[in-house]
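[1] sequence and computational prediction follow.
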Amino acid sequence: MLKKTYEYLTGRYHPDLVPCQQSEMKLIHHEMVDHLNELAKSLSDSGFDLFILSGYRNHLDQLRIWNEKVEGQRPILDDEGNAIDIKLMSDEDIVKNICRWSAIPGASRHHWGTDVDIICKNSIPSEDYKVQLTPAEVHSNGIFGAFHQKLDEILESNLNFHRPYKEDLGGVSPERWHLSYSPISSDLLSKYTIEIFEKNIIETDIHLKEVLLHDLEHFYETYVLNVSPGAQNT
Ligand SMILES: [Zn+2]
């Protein structure tokens, strides 16, 4: 049984984290460690050095990202990954644009420790290159294209992991770099009810809260539930 379900699902409590071997101090769910190491081994056998750029993220980290976007301190991106001007945009459109690339605080899969953003370390072209996780980088012609192609092949038979943002389902933009440990994340998603979603927004000091509460069901369905499932759930 999951203890403190609400806190656990919304990034306020997570007792199951350990540092992972494919990063500098990034935290992941301890139950996925062996499987992640196995995946890293399969990739390295093909010459690709798996690196975790982002693992567990807590509620406050996600809240900071969101609020800084609304305040204009961080860029809000269009579908190609270019910064857009929100000055003349309605509050509803600002929220929808943020949701394409950034999860609502308390509703990020990174809160669960089961989801990671990945790159291939030995595909970075030079030491000064700053990885940005853009569609161009993971495109088949991009610097991480070959790495993701190999990963796609591996995931055909490795059912422990899946890409929840594999394709554009009208919610979150496709994020080829986002990988999920399916056995646990699928279970956590099934526990993430609209009641939890609502309580979280009410209790969070989030900018444009009224927009989210006004259209609660839409935001829950479009940006939380609307993901590609793991192979075990298809
Ligand atoms: Zn991610």
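    That came through fine. The model shown is predicted, which means the values in this text are computed figures rather than measured ones. Numbers count the residues shown, from 1 in each chain.
[2] switch to C-alpha atoms for all contacts and neighbour counts from now on
    OK.
[3] can you tell me the helix or strand for the residue lying farthest from the centre of the chain?
    Most distant residue from the mean C-alpha position of the chain: residue 88, 28.3 Å away (CA atoms, centre = their mean). In this assignment (DSSP states H and E), residue 88 forms part of neither any helix nor any strand.
[4] would you mind stating the distance between it and the ion?
    29 Å (CA to the ion, to the nearest Å).
[5] pull up the residues of the protein that are close to the ion.
    117, 178 (CA under 5 Å from the ion).
[6] what bits of the chain have low per-residue confidence?
    1, 232-234 (pLDDT under 70).
[7] residues contacting the residue lying closest to residue 172 once chain neighbours are set aside?
    Once flanking residues are discounted, residue 172 sits nearest to residue 100: 4.4 Å by CA to CA, 6 or more residues apart in numbering. Contact analysis of residue 100 by CA atoms under 8 Å, 6 or more residues apart in numbering lists 79, 171-173.
[8] just the buried subset of those residues, please.
    171-173 (16 or more other CA atoms under 10 Å).
[9] report the distance from stretch 73-89 to the chain centre.
    Mean C-alpha position of stretch 73-89 versus that of the full chain (CA atoms, centre = their mean, to the nearest Å) differs by 19 Å.
[10] where does the nearest residue to residue 74 once chain neighbours are set aside land in three-state SS?
    Excluding the flanking residues, the one nearest residue 74 by CA to CA, 6+ apart is residue 68, at 5.6 Å. What DSSP: H, G, I helix; E, B strand; the rest coil gives for residue 68 is helix.
[11] next, count neighbours for residue 68.
    15 (other CA atoms under 10 Å).
[12] how close does it sit to residue 191?
    29 Å (CA to CA, to the nearest Å).
[13] go on, residue 57?
    In terms of CA to CA, residue 57 sits 19 Å off from residue 191.
[14] more neighbours: the two, which one.
    Neighbours per residue, other CA under 10 Å: of residue 57 and residue 191, the larger number sits with residue 57, 22 against 14.
[15] residues contacting that one?
    11, 110-111, 113.
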